[in-house]
Structures are given as structure tokens and as C-alpha cells.
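In: Sequence first, then the predicted structure, then my questions.
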Protein chains: 2
Amino acid sequence: MESTPHSRAPEISVTYMISHANPEKIAAEIALEQTVEMPRAAVSNEQILSEITGRIISVEKHEGSGFIATICYPASVSNFEIPQFLNLLYGNISFKPGIRIVGLDLPEEFLMSFKGPRFGVGGIRKLLGVFDRPLVSTALKPMGSTAEDLAHMCYRFALGGIDIIKDDHGLADFPFCPFRDRVAACMHAINRAKRETGKKTLYFPNITGRFEKIVDDVDFAVSEGVGGILISPFLVGLDCVRHIAENETIGKPVMSHPAFCGSLFSSAGTGIAPEIVLGTLFRLIGVDSSVYPNYGGRFSFTKETCSLIAASLRGHLGHMRPALPTPAGGIDLKNITDVVHFYGNDIILLIGGSLYGRPGSLEDSARFFCDKVTEAAKNRRYTTEGSE
Amino acid sequence: MESTPHSRAPEISVTYMISHANPEKIAAEIALEQTVEMPRAAVSNEQILSEITGRIISVEKHEGSGFIATICYPASVSNFEIPQFLNLLYGNISFKPGIRIVGLDLPEEFLMSFKGPRFGVGGIRKLLGVFDRPLVSTALKPMGSTAEDLAHMCYRFALGGIDIIKDDHGLADFPFCPFRDRVAACMHAINRAKRETGKKTLYFPNITGRFEKIVDDVDFAVSEGVGGILISPFLVGLDCVRHIAENETIGKPVMSHPAFCGSLFSSAGTGIAPEIVLGTLFRLIGVDSSVYPNYGGRFSFTKETCSLIAASLRGHLGHMRPALPTPAGGIDLKNITDVVHFYGNDIILLIGGSLYGRPGSLEDSARFFCDKVTEAAKNRRYTTEGSE
């Protein structure tokens, strides 16, 4: 990489996979499209051309097909804010075929504008007092259940030893299961179980209200003593999540659900690489635990993608705490050993359906799940696949 | 379509294109995945199965390839709120390959929970006093210009007769061009031009601040007398736009920019049809004018897609006012006649780059643009391609 001219530092570096016959031309168009939105010839001001538009670092043939281009943008063009950062990354070019974002390098000056995960791996472990195994999580469902039904499941799961019990991300403030009733009932259930077993369990209600009400919902949940919150950045807006995660008076762990963003990943030649969205971007907005579809489940990520997501959540990102990969989406109880060996200990294992589908009580299923994880962690060998 | 059982009305009907060998199985999975998120066998409560999960209406072979399936969901499952509605539509299935949303039918009970466009076609025409031709719009750019530079362009464009002058959607609250300075300077420019020509021009600043600041920014813009706002739903969050559009004390037209949502349209077999997102969904959140890439420009929509988007914005949608299709994205001045004949009069024609790229003053270019539109509207024949 060339040395950065004094006038342009710091820069955000974006790497694109370009599936076009003339990648240099496309790269030049991207550098303009994502900033000045004008053809080069129409920009009369030379200073703007040199200080605002993207700077093409390299365009190279990709092994396999297509090309890899890296463009650096002045970090100031993001205005150090999520909405404009999203626009700089993938605003207009989301409409251009054959362009995929495959790499992102953020300078310290940019990262320092965001707090990142408040708790991260260490913080959530400390809240639970669990340090030597993957954390264990399940979801309250199905939609249609009453607050009392869900609280009863919550109690059973807590008795069974689950660390984090979250709402299903489709549980809104339904008349048949009002948000406040649900939160109060589930917290009552959690506290009751704790009195009986002494084991700490965190309850994460789903936050999905209207713009004008969403922070009130979080405040209510915090006042009830919830352990954290579940939120879907692509349903409520990424900067809404950033605001909630960074808010001092809230101060709770944030678990993200990836609902609605799958089409960013559905085509190999367009979109944004999953590890950038569900890893870097979510960590930037303060996500402590990022839920994503695990390999081999009912969705479509490969082992390689899952490994990259985990690395992006736990690896170095400026001053930011590592976040917890939270594989989910149809993990079967019998695959737990494999999953734990693959990721290592610093994950949250989220299993919903498999627990409900199992014969016996929810408490028994939960205990079986927890025992399996503890056992897998004990027997785990450091494999070359794992990130540790 | 079957008659709706008494217990389930009203329903939201979603039509999917399914590219799988076993479409009935996929449809059954969708009906569960988007509601209870559990396998059918794991849902022990029969009432939940009948009252909450999707009801498969039909699965039919599609002309060409794949299948078309229609599933009805109880409207209550959306909780009549945007985040959960997005989740119901395309939350988890965004991660499943081979499923595309191609149709959406919303019951009156659902639509009544939203105000829709406050101004719409008629309201914006009335604000401008222009009834007999397409409206004419341009963008202030490039990023990197100062507030004074942009205000000067704004003045020139207003003198040239532009109806709506909007910020480029990448103009954030930059230190080199602060939002408040820009709004004040542009409003000063607009008012000065109006005193000179008597012609009304509306200025739409770009709203893209942080969650906690975004409504304050709008309030400031309103206090300065702006004509409306430009906002990107997929950058700031769709429910943020709904809140701003519905807010009585704001009460200004909303122009949407489609930044960041292109990957919903990039694959023929997944995502959501553009006319549903840029038409129905945007109208639902209160968009009066929906900017989208026109056919033949530097992006990739076909004439057919553009026609469907326009129909979705202007056609019947319960109590909602028709909104203004706002084709943009590299429309050339020499194609104006074609574009006006294609869409008819009820559009906003948005041209940015072509005006800046033209020799001569911005004022002359604007006047040339406006004259071209007026002339095209006068000569327009009702064509079979157009929507009128």
C-alpha cells in the first residue's frame, strides 16, 4: 500500500470484489459515486477531487474470477456517524451489479468515535460468573404465547441452567402478550429460579417498538432489572442500536439478531461480506453478542463464513472489546461437541427449536443442553479450525 | 382465493416466488419461519397454529421457472408497526436462498394504522402552484462544497426555475459544511430568488444525523422554513422516517432516497420486488416522493420495473394519498421527452449530474431543463407505455 499523503489521513479502506471486464473503470466510478456522485469531469474544484473522492490503491485480478480493488476514503467523509458511514460503504453502489464489499479497514480515529461493545466477552462472562465454557442461551417462543406462558418457560429454562434466555425476535408489544407484562413476568420467573438454584440467569427481552417509544421500552426493561436486550439492527435501524448500546443510563449488554439483512449475502457477486456486517459493523454499533445462522443449520452460511464472522467479532478492532459470536438457527443438540470444538469457548450457543422439540420437560432439555456444553468444553482439544 | 375464516381476519397477503423443487414444503416452512420460528411438530398449542402461523392460499407453477406461492398472515402478527412488519415480511427468510417477495396485499385495518404521504401528488403540487407538468428537481453537490458554495448553486437553480432543490443524500453535518449553516444559507438563497422572480421553489435538506439528534435536525430545518426534507430510509431506519413523516409539528413533505437497499433487488431469485420496497413500503412510512434509479441511467432498473414502481406509488393503497415517482440516477437532458411520455405528468424529474456537466451557468442549465419539461408535457400524447 502506498504511503498516505499528509493531506488525506486518516482513511477508511474498502476492498471490493468487482465482476466486470473493465475493473479499473468500475473502481474509478465507485470512488466518485460513493462521495461526490458526479462524473469526474463535472467536478470543477480540484481540492474536492483530491480531498473528498476515493483514492484507488490497487486493482488486481482475483484468484478464480473477477477483480479485487481497494479504495481509500477520507474518514471524515463518513462524518463519523453510522448513517453516512453506511452510505459511504454501500449507498448508491448497492444498485450497481457486480460489486461486493469484501474488506474493510477502519482507522483508529474513526473507531474512537464509537464505544463498541460495553461488555463484550469478558463483561458478559463476569455478569454470569461463567469463565470456563461457552455460554448457553435459548429463546422464548412461539409467538402467540401469553406473557404468563413465556414466563413459565423462562422459569423452567432458568432452573435447567441456561445462562441467557432471550425473547424470540418476533415478539413485539402484542395485545395478547404485552411487552411490559412479559418483561415483568419473565424477570419474576428468573428471580424465582435464582432463589431456588443460586444460579445466575440473564433475561434479554426483544426491543422492537416504534421510533418514538423504543428507548422508553428499553428504560422500562432496565428498570425491571433485565440482564440485557435483544434487538434487530436492520429492523429498527443501526443507529438506533448504537444509541441504545452507548447510552450510559441503559448500560446493558446488547444481543443482535440479523433479521432482514440476508439479501446482503444472497449473491456471491454483490452485497457485503457477512463478517463485515454481522462482525465489524455490529461491533461498531455496540453489539456484545451477534446472533447469526450457524453452518449446517436451516440457513445457508458455510463453515468458512462462520469462522470469518467469529474472527471479526473476537479479533482486533482498535479499542473495541471482543464480542461473542452467537451461532444459532437450527443447531441440533447432537452437534454441540462439533460446534464447541469449531469455535472454542468464547461463544454463546443459542438453541431454540431443538429444546422445544425434545421429549420431556423444558427444564430437563435445558439441563441436557447445558451438560452437553460443559462436557464439550472439558473435552475440547485446540483444533486448527478453532480460533484459539 | 378462499374465503377468510372469521377467526383470522384481517390478513396480510404475501406472494413469494420460490425457486426450489419442492415449493409446497418451502411454503409451509415460510409460514412457520416468519411467525412461530419452530417446526410444526414442536408447536403444541393448536390455537397458535391456527391463529398465528401463515395460511398457505396457493402454490402454483410460475410461467418460466419456479413457483408462485401466496401466504396470508393475521395482520395482528405485524403488530401494526414497521419493525415487526419488516420482520414478518422478510426477517428470517432473507437468509434463505430462492425466496423472493413479489406481491403484497395489505388490508384496510393494517393501512389505517399508518398515515401515509401527508402531501402526496396533490399536496406537493399545491405547495408549488404547479399543476400542468412534471415537477422539476435537482441536487446540491458535490460533497466537499461549503454551505456558501451550495447556497450559491441553490440561488442559481431557483432563478432558473427548479421546483425542488434537494441536498445530495451524502451531505451530512460535516464540519466543512455544517447542516445548520447549509440550511440557513440555502433558505436565504431560495427566498432571495423568490423575491426576484416570484417563482416558488422548495428546498429539501438531507436529514441523516444520529438517532438522538435527527428529530432536532428536522425541527431546525422546519424552523428555517424548508419546503420538505430528503431522507434515506435504509440509512436512518424506516420507522424513523415514519415517525418524522407522521409528526404533526413537522408537517413537511418527505422525499426518500433509496441508498443502501439495492441488494434487495440484485438477485432475481431472492429479495423483494422494487415496487414493493420503493413503492408500497415507502408510501406506508409516509414518503411523498420516492427517488429511484430510472431506466437507461447509470443504474440497472428496467422500464418494466420503473413502470411498476410508479404504479405502486400512484395507484390505490387504501386511504393513502398517491406519492410522486421521482426517477433519477443519470437521466440525460436529451431523454426528458421520452421520460415524460413514459410516466405522464405526475412525477418529479430529478436531474443532477447532467446539469452540472453542461456548459454555461447553472441558471441557464436549470432553465433549459425546465423548458424541456414544460415542452415535453405540452406535446405529450397519451401513450400505451405511460400509466395514464
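Out: In hand now; what should we look at? What you are looking at is a predicted structure, and each value in this text was computed from that prediction instead of being measured.

In: Which residue is it, in the stretch 151-300 of chain A, that comes closest to chain B?
Out: Nearest residue of the stretch 151-300 of chain A to chain B: residue A:237, at 2.2 Å (C-beta to the nearest C-beta). All C-beta atoms are positioned from the backbone trio N, CA, C, and that covers glycine.

In: Phi first, then psi, for that residue.
Out: phi 100, psi 130 (degrees, to the nearest 10).

In: Please name the residues that touch it.
Out: A:211, B:211, B:236, B:237, B:238, B:239, B:240 (C-beta atoms under 8 Å, 6 or more residues apart in numbering or on different chains).

In: Could you do residue A:33 as well?
Out: Neighbouring residues of residue A:33 by C-beta under 8 Å, 6+ apart: A:92, A:93, A:96.

In: what helix or strand does residue A:166 sit in?
Out: Residue A:166 is part of strand A:164-167 when elements are defined by DSSP states H and E.

In: Mind giving me the packing neighbours of that strand?
Out: strand A:135-140, helix A:147-159, helix A:179-197, strand A:202-204 (3 or more C-beta pairs under 8 Å, 6 or more residues apart in numbering or on different chains; DSSP states H and E).

In: Any chance you could list what contacts the first one?
Out: It refers to strand A:135-140. Under C-beta under 8 Å, 6+ apart, the answer for strand A:135-140 is A:124-125, A:128, A:150, A:153-154, A:157, A:161-168, A:171, A:186, A:324, A:326, A:347-352, A:355, A:366, A:369-370, A:373, B:37.

In: sec struct for the residue positioned nearest the centre of chain A, please.
Out: A centroid search over chain A (C-alpha atoms, centre = their mean) returns residue A:290, at 3.3 Å, as the residue closest to the centre. Classification of residue A:290 by DSSP: H, G, I helix; E, B strand; the rest coil places it in strand.

In: Write down the beta-bridge partners of it, one by one.
Out: residue A:256, residue A:325 (DSSP bridges).

In: go on, residue A:229?
Out: Residue A:229 has these beta-bridge partners by DSSP bridges: residue A:254.

In: Run a quick check on it versus residue A:219, I expect a contact.
Out: No: Residue A:229 sits out of contact with residue A:219 when judged by C-beta atoms under 8 Å, with a separation of 10.9 Å.

In: more neighbours, those two?
Out: residue A:229 (26 against 14; other C-beta atoms under 10 Å in any protein chain shown).

In: Identify the residues contacting the more buried one.
Out: By C-beta under 8 Å, 6+ apart, the contact set of residue A:229 is A:204, A:205, A:206, A:207, A:218, A:221, A:244, A:252, A:253, A:254, A:255.

In: what does the stretch 1-150 of chain A put close to chain B?
Out: Neighbours of chain B within the stretch 1-150 of chain A, by C-beta under 8 Å from any C-beta of the partner chain: A:34-39, A:41-43, A:45, A:47-48, A:51-52, A:76-77, A:79, A:81-84, A:86-88, A:90-97, A:139, A:141-145.

In: Can you give me the neighbour number for residue A:102?
Out: There are 18 residues near residue A:102, going by other C-beta under 10 Å.

In: check contacts around it.
Out: Contact partners of residue A:102, counting by C-beta under 8 Å, 6+ apart, are A:15, A:16, A:17, A:68, A:273, A:276.

In: domain parsing for chain A?
Out: As given by automatic domain parsing, the domain ranges for chain A are A:11-111, A:120-379.

In: Just the mean pLDDT for the shortest one, thanks.
Out: The average of the pLDDT scores along domain A:11-111 is 95.

In: how much space between residue A:111 and residue A:341?
Out: According to C-beta to C-beta, to the nearest Å, residue A:111 stands 32 Å off from residue A:341.

In: measure the residue lying closest to residue A:368 once chain neighbours are set aside to chain B for me?
Out: Counting by C-beta to C-beta, 6 or more residues apart in numbering or on different chains, residue A:368 lies nearest to residue A:333, which is 6.9 Å off, once chain neighbours are set aside. Per C-beta to the nearest C-beta, to the nearest Å, residue A:333 is found 13 Å from chain B.

In: In terms of pLDDT, where does residue A:333 sit?
Out: 89.

In: Tell me who's in contact with it.
Out: Neighbours of residue A:333 in contact, by C-beta under 8 Å, 6+ apart: A:351, A:354, A:355, A:358, A:368, A:369, A:372.

In: shouldn't the second one be in contact with residue A:328?
Out: If I follow you right, that is residue A:354. No: using C-beta under 8 Å as the test, residue A:354 is too far from residue A:328 to be in contact (10.6 Å).
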